[in-house]
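S.K.: what follows is a predicted protein model with its sequence.
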Amino acid sequence: MNLLRDPGLQAERTALSWSRTGLAVLANALLALREGWHGQHGPISVLACVMLVAAAAAVIYGTWRRQQLLNGEAPLAVSAHVIATASIISLMVCGAVVVHLGGCAARLL
């Protein structure tokens, strides 16, 4: 069964939401980078660089997804397994960063 799809404004909303997410992460990354450089905190600078890469990835993914939706090439949603895997990996990385930064903060006191 082949259903005709009308992409409507969904592609635009998707692209805009990914662009907003990327800009928000970029702003936070720049603030963290400034704090890391001025405070001479290496781990914060590394975290800021990772956030800069994440911001670029969000903008690139939004552009790619918009093109897929406009061309009718993509399914409407990604698999729940992909979302769960990405969430678990993100939480593990964030947890490792928090533990590491907690150790750095203890050494500074």
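M.R.: Received it, and whenever you're ready, just let me know what you need. Computed from a prediction, not measured in an experiment: that's the story for all the values here.
S.K.: show me what the helix or strand of the chain with the lowest mean pLDDT packs onto, helices and strands only.
M.R.: Ranked by mean pLDDT, DSSP states H and E, the weakest helix or strand in the chain is helix 80-108, scoring a mean of 75. Helix 80-108 makes packing contacts with helix 42-71 when contacts are defined by 3 or more CB pairs under 8 Å, 6 or more residues apart in numbering; DSSP states H and E. Using the backbone N, CA and C atoms, a C-beta is placed for each residue, glycine as well.
S.K.: so for the helix it packs on, what gets flagged as buried?
M.R.: Taking 16 or more other CB atoms under 10 Å as the basis for neighbour counts, the residues of helix 42-71 that come out buried are 44-45, 47-48, 51-52, 54-55, 58-59, 62, 65-66, 69.
S.K.: so, low pLDDT: which residues of this structure?
M.R.: Across the chain, residues meeting the criterion (pLDDT under 70) sit at 1-8, 10-11, 74-78, 101, 103-109.
S.K.: could you measure from the spatially most central residue of it over to residue 27?
M.R.: Residue closest to the mean C-alpha point of the chain, counted by CA atoms, centre = their mean, is residue 54 at 4.4 Å. Distance, residue 54 to residue 27, by CB to CB, to the nearest Å: 12 Å.
S.K.: same question for residue 56.
M.R.: 13 Å.
S.K.: same question, residue 50
M.R.: Here the criterion is CB to CB. By it, residue 50 lies 15 Å from residue 27.
S.K.: ok, back up a step: same list (the buried residues of helix 42-71) but as CSV, adding distance to residue 97.
M.R.: Written out in CSV, the entries for these read as follows (distance: CB to CB, whole Å):
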residue, distance to residue 97
44, 10
45, 12
47, 6
48, 11
51, 10
52, 15
54, 12
55, 16
58, 18
59, 22
62, 24
65, 27
66, 30
69, 33
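S.K.: done for today, thanks.
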